[in-house]
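Chemist: any chance you can model this:
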Amino acid sequence: MKFCILIPCYNHPTTVAAVARDAQKFCPVIVVDDGSTLPLPELPGCEIIRLEKNSGKGAALRAGFQRAMELGFTHAITLDSDGQHFADDVPKFLAAAQSQPEAFVVGVRNLREAGAPGHRQCSNGVSTFWFRVETGVRLRDTQCGFRCYPLALAENLKTKSGRYAFELEFMVRAAWVGTPIVAVPVKCTYEPHQIRQSHFRPVVDLARITTMNIGLVLQSWFVPRSLRTAWSFGKKFPLRKTLREFFSEHAHEPVRLAGAVGLGLFCGIAPIWGFQIIACVTFAHLLRLNKAITVVSAHISLPPVVPFILFAGLQIGHRLFQGEWLPFAMRDMTWHRAMEYFWESFVGSALLAAAVAIAGFFATWLIAQMWRQK
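Modeler: Take a look at the predicted model:
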C-alpha cells in the first residue's frame, strides 16, 4: 500500500501552504490548482497539477486521482485546502485503510461542537438523511472532504456529478457496489476567516446535491441492486437481461416470490384508491420483496375488474354489518352506490384484499415449490 495526500485548491493562497506543509509530515502531497485566479505560494516538495479553468471540486479530485495512479499510489487521502481539517488526523486514516485496504474511509465531524454555521449543519443533515435512504448505511457526516479513497475504486467507479455533489455520489455508489464504508472521527474548525474562504455555495450547491439525490433515491427504490452495481461500474445490459434482473431480485425463494404476489394483490384490491402503486412499492422496498412482481400483481384492479371488486367488497361489508346481502345485482353497481355505503365498502374491500392476498400467496408458493422441485 502506498499513500498520498491530495489537496484540491481554488483561491486559497493564504492557507494552502500551511495545510500542505503539515500534510507532508505523513505522506507525499499532490496539490490540484483548480483554475485559481490568485497565484499559489511556493509549495516545495509537492506535486502540482494545474487545471486551465475552474471546474469544481469533483473535476479537481478526478485529476488528482489520475495523477496519483500514474505515480504508483494505491490510496489518496483528500484534505481541504482552506484549513478546516487538521493533518494530525491523517494517522487515523492510515490505520483504518491498512486494516481494510478495500474500504472507503470517511471523516466524521462534530459540526455542532465545531461551531459550524446553521446552514452547514442543515445541508449536512439533509445529505445524511438521503444517504441513509439510498444505501441503508448510518453515517453522521456525509459532506466531510477528509477521506481516504482506494484508487482502484476511484478508477473503476463511474460518477456523473461534479463539484461538491461528486463526493456524495461517489460514497453512495461505493456503498451500492459493496465497498465497506469506515467512519473515523476528525477535528475541524469554523473560525470566521476560515468560513469566508470556503467556496461551498449554500443555495446553488445544495440545489445540485438535492437534484442528484432525487435521481439516486429513485434508483435505490426502483432499480435492482445488481443493475445499480453494474451501472456504477459503467456496464450496460441488453433489454432482455435488464428486464430479467428487474423480475428476479428478491424472488429466488418461493416464499419471497409468493410474498411479492400477495402484497401486490392486497394493495391492488385494498381501499387505498389512488395510492395502490405507491403503497405496494413502499412496502416491497421495506420488506425486501420484488417491486416489479408486486406492481404487476397490483394491476389486478384494472378498469374492467374494478366493478367486480367494488361489488364484492360492498356485499361482504354489508353482510358483515347488516347480516344480509344487498338486494341489487351486479349490473346496478356504480362508484356512487359504493360511496353511499362507504364504511361497509371500505371494510369489505379490506377483507376481500386480505383473502385474495392470502390465496394468491399460497397458490404462488405451491406453484413455485413444484416448479423448483421439477
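Chemist: what about Y149, which SS state?
Modeler: strand (DSSP: H, G, I helix; E, B strand; the rest coil).
Chemist: now do the contacts for it.
Modeler: Taking CB atoms under 8 Å, 6 or more residues apart in numbering, we find Y149 in contact with F65, H75, A76, I77, T78, F104, F170. (Each C-beta comes from the backbone N, C-alpha and C, glycine too.)
Chemist: repeat that with 10 Å
Modeler: The neighbourhood of Y149, defined by CB atoms under 10 Å, 6 or more residues apart in numbering, consists of 6, 61, 64-65, 68, 75-78, 97, 104-106, 155, 157, 167, 170, 174.
Chemist: narrow those residues to just the buried residues.
Modeler: Listed as buried from those are 6, 61, 64-65, 68, 75-78, 97, 104-106, 157, 167, 170, 174; burial here means 16 or more other CB atoms under 10 Å.
Chemist: keep only those of those that are in strands.
Modeler: Mapping the buried ones among the contacts of Y149 onto strands (DSSP state E) picks out L6, H75, A76, I77, T78, F104, V105, V106.
Chemist: what about the last one, distance to S248?
Modeler: As judged by CB to CB, to the nearest Å, V106 and S248 stand 32 Å apart.
Chemist: in stretch 173-186, what counts as buried?
Modeler: Quick answer for stretch 173-186 (16+ other CB under 10 Å): R173, A174, A175, W176, V177, T179, I181, A183, V184, V186.
Chemist: and the one helix or strand L366 maps to, what does it pack against?
Modeler: Element membership for L366 (DSSP states H and E) is helix 342-373. With contacts defined as 3 or more CB pairs under 10 Å, 6 or more residues apart in numbering; DSSP states H and E, helix 342-373 has these neighbours: helix 254-269, helix 291-298, helix 306-322, helix 335-340.
Chemist: hmm, 7 Å instead?
Modeler: helix 254-269, helix 306-322 (3 or more CB pairs under 7 Å, 6 or more residues apart in numbering; DSSP states H and E).
Chemist: what is the mean pLDDT for the longest one?
Modeler: Along helix 306-322, the predicted local confidence has a mean pLDDT of 86.
Chemist: who are the packing partners of that helix?
Modeler: Helix 306-322 packs on helix 335-340, helix 342-373, going by 3+ CB pairs under 7 Å, 6+ apart.
Chemist: closest one to G264 among the ones you listed?
Modeler: With CB to CB as the criterion, G264 lies closest to helix 342-373 of these, at 8.1 Å.
Chemist: may I see the buried residues of that closest one?
Modeler: By 16+ other CB under 10 Å, the buried positions in helix 342-373 come out as 344-353, 356-357, 360-361, 364-365, 368.
Chemist: and what of stretch 145-161?
Modeler: So for stretch 145-161, counting by 16+ other CB under 10 Å, buried means G145, F146, R147, C148, Y149, P150, L151, L153, A154, L157, T159, S161.
Chemist: with stretch 67-86 instead?
Modeler: Residues 67-68, 73, 75-85 are the ones in stretch 67-86 that count as buried (16+ other CB under 10 Å).
Chemist: straight-line length of that stretch, end to end?
Modeler: End-to-end distance for stretch 67-86: 24 Å, by CA to CA, to the nearest Å.
Chemist: just for the stretch 151-300 of the chain, where's the confidence low?
Modeler: Counting by pLDDT under 70, the stretch 151-300 of the chain shows low-confidence ranges at 162, 191-206.
Chemist: so which residues of it form helices?
Modeler: 151-156, 165-176, 192-197, 204-222, 225-232, 239-248, 254-269, 276-287, 291-298 (DSSP state H, counting those that start in this stretch).
Chemist: tabulate those helices (a markdown table), appending distance to E52.
Modeler: As requested, those are arranged in a markdown table below (distance: least, CB to CB, whole Å):
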| stretch | distance to E52 |
| --- | --- |
| helix 151-156 | 22 |
| helix 165-176 | 19 |
| helix 192-197 | 23 |
| helix 204-222 | 22 |
| helix 225-232 | 29 |
| helix 239-248 | 39 |
| helix 254-269 | 53 |
| helix 276-287 | 45 |
| helix 291-298 | 45 |
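Chemist: quick one: closest of those to D34.
Modeler: Here helix 165-176 is closest among the helices of the stretch 151-300 of the chain (CB to CB), at 12.3 Å.
Chemist: list the contacts of the closest one.
Modeler: Residues from elsewhere that reach helix 165-176 (CB atoms under 7 Å, 6 or more residues apart in numbering): 57-58, 61, 104, 106, 127, 131, 134-135, 137, 142, 145, 153, 157, 159, 161, 181, 208-209, 212, 216, 225, 228-229, 232.
Chemist: could you pull up phi and psi at the residue most central in space within the chain?
Modeler: Residue closest to the mean C-alpha point of the chain, counted by CA atoms, centre = their mean, is E134 at 2.2 Å. Backbone torsions of E134, given as degrees, to the nearest 10, read phi -80, psi -30.
Chemist: which of the three states applies to the residue in the chain sticking out farthest from the centre?
Modeler: Most distant residue from the mean C-alpha position of the chain: P327, 53.4 Å away (CA atoms, centre = their mean). Judged by three-state DSSP, the three-state class of P327 is coil.
Chemist: quick one, which of the helices and strands packed on helix 342-373 is nearest to L286?
Modeler: Per CB to CB, nearest to L286 of the helices and strands packed on helix 342-373: helix 254-269, 10.4 Å.
Chemist: hang on, R319 packs against W325?
Modeler: Yes - using CB atoms under 7 Å, R319 is in contact with W325, at 5.8 Å.
Chemist: higher neighbour count, the two?
Modeler: Taking neighbours as other CB atoms under 10 Å, R319 and W325 compare with R319 leading, 14 against 11.
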